[in-house]
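Sequence first, then the predicted structure, then my questions.
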Amino acid sequence: MQFFLTNPSPICVLDEVDAPLDDANVTRFCSLLEELTKITNTKFIIVTHHALTMSKMNRLYGVTMPEKGISQLVAVDLQKAESMVA
């Protein structure tokens, strides 16, 4: 972490870094990301299939295939969705 804080990047892409982690370590990973976003201006793009990681993010983007050969982008603002449920 110290190395990243020395010269933080404006954008950081992490591709399935949580795949080998158990739920306790995914929670720690998400807490670390939250801490990094507070002390830097870095925007993190996380590619994941892990439901716990997705639940901790502010916004989700997904790709679905409603018909064979046709991909569709789906976007969800989780903060807005939570406020609608409440």
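Thanks, I have the structure now. Numbers count the residues shown, from 1 in each chain.

Show me which residues of stretch 25-32 are buried.
V26, F29, C30 (16 or more other Cβ atoms under 10 Å). To be clear about C-beta, it is placed using only N, CA and C from the backbone, and glycine gets the same treatment.

secondary structure class for the second one?
Following DSSP: H, G, I helix; E, B strand; the rest coil, F29 is assigned to helix.

Read off the pLDDT value for S55.
pLDDT, S55: 87.

Next up, the contacts around it.
Neighbour list for S55: L78 [criterion: Cβ atoms under 8 Å, 6 or more residues apart in numbering].

So what does it look like in phi/psi?
phi -70, psi -20 (degrees, to the nearest 10).

cool, and I45?
According to degrees, to the nearest 10, I45 has phi -110, psi 120.

Spit out the contact partners of the most centrally placed residue in the chain.
Taking Cα atoms, centre = their mean, the centroid of the chain lies closest to I46, which sits 4.1 Å from it. Counting by Cβ under 8 Å, 6+ apart, I46 touches L14, V17, D18, L33, T53, M57.

okay, now the closest residue to C30 other than its chain neighbours: neighbour count?
Nearest residue to C30 in three dimensions, chain neighbours excluded: K56, at 4.0 Å (Cβ to Cβ, 6 or more residues apart in numbering). Counted with other Cβ atoms under 10 Å, residues neighbouring K56 total 16.

Show me what counts as buried in the lowest-mean-pLDDT helix or strand in the chain.
The least trusted helix or strand in the chain, going by mean pLDDT, DSSP states H and E, turns out to be helix 78-85, with a mean of 77. Of all the residues in helix 78-85, not one is buried under the rule 16+ other Cβ under 10 Å.
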